[in-house]
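Trainee: The following comprises the amino acid sequence and a computationally predicted model.
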Amino acid sequence: MSIVNLEYQVTGMTCGHCEMSVREEVSQIPGVEGIDVSAKTGKLVVTGGEPVDDAAVLAAVDEAGYSAVRV
């Protein structure tokens, strides 16, 4: 089993609460094992042991109130 890393650029995050909101939404996606999110850089890295649904990650970020694009 290989590890899958997906990287996104998130717009609109300004603080730790923003990071927490994104982390909370993304953590509910099946297959997600790790989430690294930084309001400072706007980066979101999602790690999974199986393929993670790209559309689900984008929808989760949107649900948290931000927008993201895959990098």
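Mentor: In hand now; what should we look at?

Trainee: all contacts plus neighbour counts: C-alpha atoms, from now on.
Mentor: Fine.

Trainee: can you tell me the average pLDDT over the longest strand anywhere in the chain?
Mentor: Longest strand of the chain, by residue count under DSSP state E: strand 4-11. For strand 4-11, the mean pLDDT works out to 96.

Trainee: helices and strands around it, which ones?
Mentor: For strand 4-11, the elements it packs on are strand 43-48, strand 67-70, judged by 3 or more CA pairs under 8 Å, 6 or more residues apart in numbering; DSSP states H and E.

Trainee: which one is the residue nearest the centre of the chain nearest to, not counting chain neighbours?
Mentor: Per CA atoms, centre = their mean, the C-alpha nearest to the average position across the chain is that of L44, at 4.8 Å. Counting by CA to CA, 6 or more residues apart in numbering, V37 is the residue found nearest to L44 once chain neighbours are left out, at 4.4 Å.

Trainee: Just confirm that neighbour contacts C18, I think it does.
Mentor: No. The criterion here is CA atoms under 8 Å, and V37 misses it with C18 at 9.4 Å.

Trainee: So the two - more neighbours on which side?
Mentor: The neighbour count for V37 versus C18, taken as other CA atoms under 10 Å, is higher for V37 (23 against 18).

Trainee: Could you check how far the more buried one is from M20?
Mentor: For V37, the distance to M20 (CA to CA, to the nearest Å) stands at 9 Å.

Trainee: How about D54?
Mentor: Look at D54 and M20: by CA to CA, they are 20 Å apart.

Trainee: cool, and E50?
Mentor: 23 Å.

Trainee: ditto for A68
Mentor: 15 Å.

Trainee: Same question for V4.
Mentor: For V4, the distance to M20 - CA to CA - is 22 Å.

Trainee: so how far does stretch 31-44 reach from one end to the other?
Mentor: 16 Å.

Trainee: next one: it to chain centre, how far?
Mentor: 5 Å (CA atoms, centre = their mean, to the nearest Å).
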